[in-house]
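Trainee: next one to model:
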Amino acid sequence: MFRVPTNSSTPPSSPGRNDPSTTPAGPPPGDSYSYYASSTPAQPPPRFQLGNANPRSFNPRRQGPNNSPPRNGVGSGLFGSPAPRGADQRGRSTNAFGFRSSPPRHGDDMYGEDMDQDGEEEGEEEDALDDLFSGARPRSNYRFSQSAASRNSFADDSLNRAIVDPAAKQTQYDLPTLTESLAPHVDRVKLKEPDDAILETERLLEKLQEQLESSGPSDREEVLATVSQDLISTWRDTASTGAFYHAQQLASLLLAIRHPPARAERQSALTLLSARSRPKQYTPIPRVLLDWLNDNNEAIAEIEAVLSERDGYSAHEAFWDAVAATALRGNFADVLKLLRGANFTVAETAVVDGLGESGYKGDHLFNTNEVITAAIGVIEECPAVTSDDWDVKSNGWSIWRQRVQLAFRELQEFAEGDNQNRHSLSQQFQAPNFGLSQSQNSFNLSVASRKAESRVPWSIYENLTRLYKQLLGNEEEIMSIAADWVEAVVALTVWWDGEDERAPPGSFAASRRSLARSQRVRDVDVTPVQAYAQRLSASLAPVFDSGEEDLSLNTTDRYEVGLACIFDQNIEGVLRILRSWSIVVAAAVTEVARGGDWLPRSAGLLDQFDDSDLMVLSYNDDERNQRKGITKDELLLAYANELASKEVIRSTDGQTVREGWEMAARVLGRFDDVHQADKRIEEILSKLQLVSSERVDTIIQLCHNMGMAKQAETIALTYADHLRTNTQNHGDTLLYYARAHEAAKLQDVLRKLVAHCLVKSIAWPPLNELDDTLKSLITSPKQTLTTLAGLDQDAAHLLSTNLSGYATIRKFYDLRDEAIVSPGKSPAHRPLARKTAAADALMVIILSAASSIRGGLYDPEVETVVQVDVLLPLLGEALLFVNQPKRTLTLQHLYALLAAVEDLDTAPSMIRAQCEEVLSKTLATAHDSNAPSARSHLQKSTSNFTTASSQYSLIGSADFGSVEGQSIENSTVYIQGGQVDDSKRAWDWRKGFNKNATGSDVIRLLRLGIARETARAFVEGQI
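Mentor: This next block holds a predicted model:
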């Protein structure tokens, strides 16, 4: 309750009565109310008493308003809107959106100072009373008694009259048509965003796709919310002005509404559940909307002017405007600061109320401080103030709203009490004829009487009344306070209590619904995002239908139209506006929307089919072209085309550099239509120049990451063919044939390398001529193949299997020449050990070469690491291991040699002829520098008696001739005259034969050597 001031004089009374007298103690009011037939006393109203009872006292325990404003600086909140005004006088200067509004006018309260024109003032008073006393709601039985007049004054739902139809849709503006006319065609979209924004946006979108694919339904919303907030932060940090800035403003609102950020959890020692087991809490939508409104729709600095008053904030004419505006935007810290520092001894409204020129005094000041202190107490109890809780639909807020209703009724009770004029006025508005039977003069008299008899100055009373209504979510009050249509729509949504059904108070339906509210589940409690999105859309209708200029849409402003589309749930319209400003933002919002399932399909069910499906369904091109609406793939294609046109995209710090085509391919990889994605990516890749292994590796890995294995193999094969034709980079050629999974071409390259080694009787290419990749394959094959396996296991297996033959032959020659290749260095093996290791390596190769002709029959199905064509040169290399003073070959070696000789002797004639050709080339290379070119020896040999398996001779290939012409001439193996330099080899079996020797000569000598070695083994007891 409010306490009655004790410093007032005793009111006049009749003899023998204790009740206060109504006899005037002085002259009637001055000129400010001269047009009324008033009976108001000139002195302050009597102390509030109910019979002989002591005055009721509210006794608030909080600090009341100060006599002077705080000295610790002005508030930090943003000023949002003025106090209630007429539709044509919202009094807010042009805000951040550029809306037009008239400047504030002095004395723009309910009752202005200018009373010269009675007719106009009567109209204003009638409008004001319509606002303030539009009815009342029956109140519950509170612990404080109420007068009959007070109870009667709440006969209708004046505190929460609904003007928003939950199912309404605005029809004033054709938003789809507006967006199409304001947004340019997709062909004119240009990529103008900073590289940092592009790189970070792409990183987040790739993260989103990866996490959505790997996470379950329960984690989906958390992923979307996290990525959405990261995107908003990225754009906010990189966009300062221009189109990109406007795009991020719209996108930040849209994403925050659809995927509110997670709310920071408060750590408590009493919490028994682990953080993982507790459900994730998200920021309530009202808080999201207010944060966006305060950050992006900054109002005028009127509040700064109010806070600059040194004697007291109430001295400024816009004081109550500032209070209403800050409360509307939820800046309760500023509201409390204004009320506490008001100092009503200098209040500007005292002049309006006719109570002095320099503020309130005496009982008026005391009563004002009382009601202001009560209002401060109510606001301090708001959940948003006590616990930063903006879940306006929650039970905590519902309890607080009841507290506000009680404070409102206490205010009326204290200010007017048993005022009969108030009672009659309320009855007048409840009459069947709505009071039309009463004369206008009687109506005006009642109003003036109530105003004069109010214990609280009328300006204070009416502004606190509006403040309480505003806090209770009164929709008419909110619309009258809002400075523009954006603020109106947001405020109507923020202060919504979550109820969609309204019934006349006091009715049976209202009682039933009140009881049912505690027993039913509301949509806003189950799916708050959808419910608030629908509320925004429904709030748009009455705002646009109001007909007020300040609440109308500027149809030529893309930003306003984009906001209207967000509120109206016209996602396609928003995307068109975003695309006109930033294709990066538009594409990102589209992908988040598709991930969150709130992007509508432009063609309904048909949009779920790709072009091939539509063709099967006989859906012709004309019908396809008739499909309207913006699609995810359309935006991503425009974005990818712009990325592909950029050579590189580099971060500011230079740490991240990515080629435009690469990012374009990644964007296309997120298409809904996989067939179209593959087609577009192939078009981009086909235009690329394969100029380096690094670029090819990037392309191949990109294709594998996007599940485009065929495209990866095609790129690898193309590059390998290029290397084989134009370079001597054998290592990379082998590597990319393996990555292309081209076993035949890989084996062909290895056969030629093996043939060059055997024909020249040396490890070829020499160690100092090896390319880096081939060198790593020879010197550290395990490490190199392990790295390849990390990229492509099949490629690593294919390369390791086929490389073993060539590697073993190189090992044989390296062991043979170990002592002479590195002069001055100590050999790693002793002579006998080195010779034994070389013999082991050679026997392995011979067994592999002869494995396809076992028993004299050629089997093309046998996989060998070395072809049978080179068997005679291999047997020639084995001659040096027989007829030696010390035995090198074991008995198993001898058996293997003998088996190979016998198999070759009985092999088909075509096989023997090919082996003879290789032997002839080998001897010719050693003895005659003018030997015929390898190109002239090109033969097609059939290795069996059918045409099912055929191959070209390794020695007769063009590759061998080219290699011979390019590398051997520069090799240290040959002297200037073309003769073999024997000093570069530990031994050379070719020197023991002339160039006309045949395979029979080699086999005859080898048979003799095998026989002798076998006899020695018998003598030594090994047989």
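
Trainee: quick one, domains of this protein?
Mentor: With domains defined by the TED database, the chain comprises 170-260+282-297+485-500+523-603+628-641, 298-418+453-483, 689-828, 829-930+982-1022.

Trainee: please identify the most buried of those domains.
Mentor: Comparing those by mean neighbour count (mean count of other C-beta atoms under 10 Å), domain 298-418+453-483 comes out on top with a mean of 22. C-beta coordinates here come from the backbone N, C-alpha and C atoms, glycine included.

Trainee: now do the helices in the stretch 601-750 of the chain.
Mentor: 611-616, 621-625, 632-644, 660-668, 674-686, 693-705, 709-726, 730-739, 743-760 (DSSP state H, counting those that start in this stretch).

Trainee: output the contacting helices and strands for the third one.
Mentor: Helices and strands in packing contact with helix 632-644 are listed as helix 571-581, helix 583-595, helix 660-668, helix 674-686; criterion 3 or more C-beta pairs under 8 Å, 6 or more residues apart in numbering; DSSP states H and E.

Trainee: mean confidence for it?
Mentor: Mean per-residue pLDDT for helix 632-644: 93.

Trainee: circling back: now render the domains of the chain as TSV, adding distance to A665.
Mentor: Below are the domains of the chain laid out as TSV (distance: least, C-beta to C-beta, whole Å):
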stretch	distance to A665
domain 170-260+282-297+485-500+523-603+628-641	8
domain 298-418+453-483	42
domain 689-828	6
domain 829-930+982-1022	37
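
Trainee: what's the closest of these to D672?
Mentor: Among these, the nearest to D672 by C-beta to C-beta is domain 170-260+282-297+485-500+523-603+628-641 (5.6 Å).

Trainee: could you work out the end-to-end span of the closest one for me?
Mentor: One end of domain 170-260+282-297+485-500+523-603+628-641 to the other measures 37 Å (C-alpha to C-alpha, to the nearest Å).

Trainee: export the helices and strands packed on helix 632-644 to a markdown table and tack on distance to H316 and mean pLDDT?
Mentor: As requested, those are exported to a markdown table (distance: least, C-beta to C-beta, whole Å; pLDDT from 0 to 100):
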| stretch | distance to H316 | mean pLDDT |
| --- | --- | --- |
| helix 571-581 | 39 | 94 |
| helix 583-595 | 41 | 95 |
| helix 660-668 | 55 | 92 |
| helix 674-686 | 62 | 90 |
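
Trainee: can I get those in CSV including distance to I399?
Mentor: Shown next, in CSV, are these (distance: least, C-beta to C-beta, whole Å):
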stretch, distance to I399
helix 571-581, 37
helix 583-595, 36
helix 660-668, 51
helix 674-686, 54
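
Trainee: quick one: closest of the domains of the chain to W661.
Mentor: domain 689-828 (8.5 Å).

Trainee: tell me the mean pLDDT over the closest one?
Mentor: Average pLDDT, domain 689-828: 90.

Trainee: measure it end to end?
Mentor: End-to-end span of domain 689-828 (C-alpha to C-alpha): 46 Å.

Trainee: picking that back up, any idea which of the helices of the stretch 601-750 of the chain gets closest to A593?
Mentor: When the helices of the stretch 601-750 of the chain are compared (using C-beta to C-beta), the closest one is helix 632-644, at 8.0 Å.

Trainee: coming back round to it: between the domains of the chain, which gets nearest to H675?
Mentor: In terms of C-beta to C-beta, the element of those nearest to H675 is domain 170-260+282-297+485-500+523-603+628-641, at 11.0 Å.

Trainee: follow-up on the earlier one: which one of the helices of the stretch 601-750 of the chain lies closest to S480?
Mentor: Comparing those by C-beta to C-beta, helix 632-644 comes nearest, at 40.7 Å.

Trainee: give me the contact list for that closest one.
Mentor: Residues from elsewhere that reach helix 632-644, judged by C-beta atoms under 8 Å, 6 or more residues apart in numbering: 186, 189-191, 198, 575, 579, 583-584, 586-587, 590-591, 593-594, 599, 649, 660-661, 663-665, 667-668, 670-673, 676, 680, 684.

Trainee: hmm, 6 Å instead?
Mentor: 186, 189, 191, 583, 586-587, 590, 594, 660-661, 663-664, 667-668, 671-673, 684 (C-beta atoms under 6 Å, 6 or more residues apart in numbering).

Trainee: what of stretch 807-827?
Mentor: Outside stretch 807-827, the residues that touch it by C-beta under 6 Å, 6+ apart are 754, 757, 762-763, 834, 837-838, 841-842, 844-845, 985-986.

Trainee: okay, how far is it across that stretch, tip to tip?
Mentor: 20 Å.

Trainee: want to throw the helices of the stretch 601-750 of the chain into a markdown table with distance to L231?
Mentor: Output for the helices of the stretch 601-750 of the chain, formatted as a markdown table (distance: least, C-beta to C-beta, whole Å):
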| stretch | distance to L231 |
| --- | --- |
| helix 611-616 | 31 |
| helix 621-625 | 32 |
| helix 632-644 | 14 |
| helix 660-668 | 15 |
| helix 674-686 | 22 |
| helix 693-705 | 22 |
| helix 709-726 | 29 |
| helix 730-739 | 35 |
| helix 743-760 | 45 |
